[in-house]
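> Requesting a structural model of the entry that follows:
(chains A and B)
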Amino acid sequence: MPRAFEFFHQMRKKGLKPNVVTYSTLIDAFCKEGMMQQGIKFLVDMKRLGLLPNEYTYTSLIDANCKAGNLTEALKLANEMLQANIDLNIITYTAIIDGLCEAGRIAEADDIFRAILKAGLTPNVQIYTTLAHGYMKVKKMECALNLLQEMKEKSISPDLLFHGTVIWGLCNWDKVEETKFVISEMKESGLSLNPVIYTTIMDSYFKTGKTTEALNLLEEMWDLGIEVTVVTFCVLIDGLCKTGLVLEAINYFNRMPEFNLQPNVTVYTILIDGLCKNNFIEAAKSMFDEMLSKNLVPDKTAYTALIDGNLKHGNFKEALNLRNRMIEMAVELDLPAYTSLVSGFCRCGQLQQAREFLDEMISKHILPDEILCIGILRKYYELGHVVEAIELQNEMAKRGLITSPVHHVFPSVQT
DNA sequence: GTAGGGTTAG
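The predicted model follows:
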């Protein structure tokens, strides 16, 4: 981006006058780099030079605003276009419809879509995909599937992205069986699933308890020559661990090289977490060491998985060591990390240490959720530290960390 | 010579 910026300045130095296209290109580039303010500066700049923004300039800005969640600003720009007598075209409308859908305003998105059809605009597969995505996001699966029918009537061919959107939506709402119909439609049109779609479906099979079907997908991918990725194995190993099939998970982990894949930190973390949660804490530790020996650098999630596991097994000293390692290695602690530490040290009866972590997280503005707050309060009561509990509870209430009244949280304690 | 669509991992 600074490069485009340099070109622009060189142009100006040479006395070359940038035109609308130059400005539009620059504005679009800044917007896509997340530097919308810069983009708007250029808009002001070009207007000052007497250059009028065109449909491209406006569409770039509208799309960027929609994607940044500034729907109001996007709609303002759209109005500005109308006032400047620039017609909104299908690309501009696609951006606006997407923005409305992202904001959960699907009804308005549909209204606009219907209105532009009525006004004679010819729809295309892109705008249908945007709308289908919007419907899927709010679980209106029938509406999305109706679009498929509507497209057929208009002789618009749904493509890979459209089908992928519908499949993603169905999986997201646990309707994985219903993807079969979409898949057969795709096959009829000569479209094949890509690795991402396969992995999405596999994940959904695991999450709906259909382990056999999920595992069969790996075979299918392999047989069809669809690229099996590290993410596929993440889904596979996570699914097996969460189903309690830890040995199977380890087995697949060990088979990754057969697929020319090397495990990364994420796969290790998934396996470590799965081992911990299935009471294989020693195996989890070995995996962590193995990861280190391969010069993989554990991140906060990896550390947290093992810290959490250790604390659930009473190894609070080990957990503390790991936390110190994080500090040494400049790995930042986040909300899940602190949540594991506070709840884990509570569980181990190390109330004072738990309290230190609680204070530490609050001082860093990483705020505990209500469940964590109530958890630590309970421990104070349980251990008979009633006065401290009440003090802490009042403090939490003052900070807005807990909303439940005292007697609702601890009915058995007289205050 | 510029602008638009979906998605997978802890």
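> interface residues of the stretch 201-350 of chain A facing DNA strand B?
Residues of the stretch 201-350 of chain A lying near DNA strand B by C-beta under 7 Å from any atom of the strand: A:203, A:229-232, A:234-235, A:238, A:264-267, A:269-270, A:273, A:298-299, A:301-302, A:305. The C-beta positions use only the backbone N, C-alpha and C, and glycine is treated the same way.
> What's the ChimeraX line that selects buried ones from the residues you listed?
One line in ChimeraX is enough to select the buried ones among these; burial here means 16 or more other C-beta atoms under 10 Å:
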select /A:203,229,231,232,234,235,238,264,266,267,269,270,273,298,301,302,305
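> my read: A:Cys31 touches A:Asp63, true?
Yes. Between A:Cys31 and A:Asp63 there is a contact under C-beta atoms under 8 Å: 7.5 Å.
> Which residues are in contact with A:Glu290?
A:Glu290 is in contact with A:Tyr268, counting by C-beta atoms under 8 Å, 6 or more residues apart in numbering.
> any idea which element it lies in?
Using DSSP states H and E, the element containing A:Glu290 is helix A:281-293.
> and if you look at A:Leu161?
Using DSSP H and E, A:Leu161 falls within helix A:160-172.
> How far does that helix sit from its chain's centre?
Distance of helix A:160-172 from the chain centroid (C-alpha atoms, centre = their mean, to the nearest Å) equals 16 Å.
> following it, which helix or strand comes up?
Assigned by DSSP H and E, the successor of helix A:160-172 is helix A:179-188.
> Would you mark the buried spots in that next one?
Of all the residues in helix A:179-188, those buried under the rule 16+ other C-beta under 10 Å are A:179, A:182-183, A:186.
> Also stretch A:98-115?
Under the neighbour-count criterion of 16+ other C-beta under 10 Å, stretch A:98-115 has A:98-103, A:105-106, A:109-110, A:112-113 buried.
> For stretch A:147-154, the averaged confidence score.
Averaging pLDDT along stretch A:147-154 yields 95.
> can you tell if that stretch touches DNA strand B?
No. Stretch A:147-154 lies apart from DNA strand B when judged by C-beta under 7 Å from any atom of the strand; the minimum separation is 9.5 Å.
> Quick check: buried residues in that stretch?
A:147-148, A:151.
> For A:Asp159, which residues are in contact?
A:125, A:191.
> and of the buried residues of helix A:179-188, the nearest to DNA strand B?
A:Met186 (10.8 Å; C-beta to the nearest atom of the strand).
> residues in contact with that closest one?
Contacts of A:Met186 (C-beta under 8 Å, 6+ apart): A:160, A:163, A:192-193.
> where's it relative to A:Leu372, distance?
Note on A:Met186: its distance to A:Leu372, by C-beta to C-beta, to the nearest Å, is 45 Å.
> Helix or strand: which one has A:Thr129?
Per DSSP H and E, A:Thr129 falls inside helix A:125-137.
> ok, now A:Ser192?
According to DSSP H and E, A:Ser192 maps onto no helix or strand at all.
> what's the burial count for it?
13 (other C-beta atoms under 10 Å).
> List the buried residues in stretch A:269-283.
For stretch A:269-283, burial by neighbour count (16+ other C-beta under 10 Å) applies to A:269-278, A:280-281, A:283.
> Stretch A:312-323 too?
Neighbour counts over stretch A:312-323 (16+ other C-beta under 10 Å) mark A:312-313, A:315-316, A:318-320, A:322-323 as buried.
> In contact with A:Glu177, which residues are there?
Taking C-beta under 8 Å, 6+ apart, we find A:Glu177 in contact with no residue.
> Please report how far it lies from DNA strand B.
Relative to DNA strand B, A:Glu177 is positioned 18 Å away (C-beta to the nearest atom of the strand, to the nearest Å).
> Secondary structure and pLDDT added to the buried residues of stretch A:269-283, as JSON lines?
Formatted as JSON lines, the buried residues of stretch A:269-283 follow (DSSP: H, G, I helix; E, B strand; the rest coil; pLDDT from 0 to 100):
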{"residue": "A:Thr269", "secondary structure": "helix", "pLDDT": "98"}
{"residue": "A:Ile270", "secondary structure": "helix", "pLDDT": "98"}
{"residue": "A:Leu271", "secondary structure": "helix", "pLDDT": "98"}
{"residue": "A:Ile272", "secondary structure": "helix", "pLDDT": "98"}
{"residue": "A:Asp273", "secondary structure": "helix", "pLDDT": "98"}
{"residue": "A:Gly274", "secondary structure": "helix", "pLDDT": "98"}
{"residue": "A:Leu275", "secondary structure": "helix", "pLDDT": "98"}
{"residue": "A:Cys276", "secondary structure": "helix", "pLDDT": "98"}
{"residue": "A:Lys277", "secondary structure": "helix", "pLDDT": "97"}
{"residue": "A:Asn278", "secondary structure": "coil", "pLDDT": "97"}
{"residue": "A:Phe280", "secondary structure": "coil", "pLDDT": "98"}
{"residue": "A:Ile281", "secondary structure": "helix", "pLDDT": "97"}
{"residue": "A:Ala283", "secondary structure": "helix", "pLDDT": "98"}
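> Restricting to C-alpha, output the helix holding A:Glu290 in PDB.
Output of helix A:281-293 as PDB, limited to C-alpha atoms (Å, rounded to 0.1, in the frame of the first residue of the first chain):
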ATOM      1  CA  ILE A 281      -2.700 -36.000  31.300                       C
ATOM      2  CA  GLU A 282       0.700 -37.800  31.000                       C
ATOM      3  CA  ALA A 283       0.200 -38.400  27.300                       C
ATOM      4  CA  ALA A 284      -0.800 -34.700  26.900                       C
ATOM      5  CA  LYS A 285       2.500 -33.700  28.600                       C
ATOM      6  CA  SER A 286       4.500 -35.900  26.200                       C
ATOM      7  CA  MET A 287       2.700 -34.400  23.300                       C
ATOM      8  CA  PHE A 288       3.600 -30.900  24.500                       C
ATOM      9  CA  ASP A 289       7.200 -31.900  24.800                       C
ATOM     10  CA  GLU A 290       7.200 -33.600  21.400                       C
ATOM     11  CA  MET A 291       5.800 -30.300  20.000                       C
ATOM     12  CA  LEU A 292       8.700 -28.400  21.600                       C
ATOM     13  CA  SER A 293      11.200 -30.900  20.300                       C
END
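> what's the spacing between the next helix-or-strand element following it and its chain's center?
Counting by DSSP H and E, the next helix or strand C-terminal to helix A:281-293 is helix A:300-312. Averaging C-alpha positions (C-alpha atoms, centre = their mean) puts helix A:300-312 22 Å from its chain's average.
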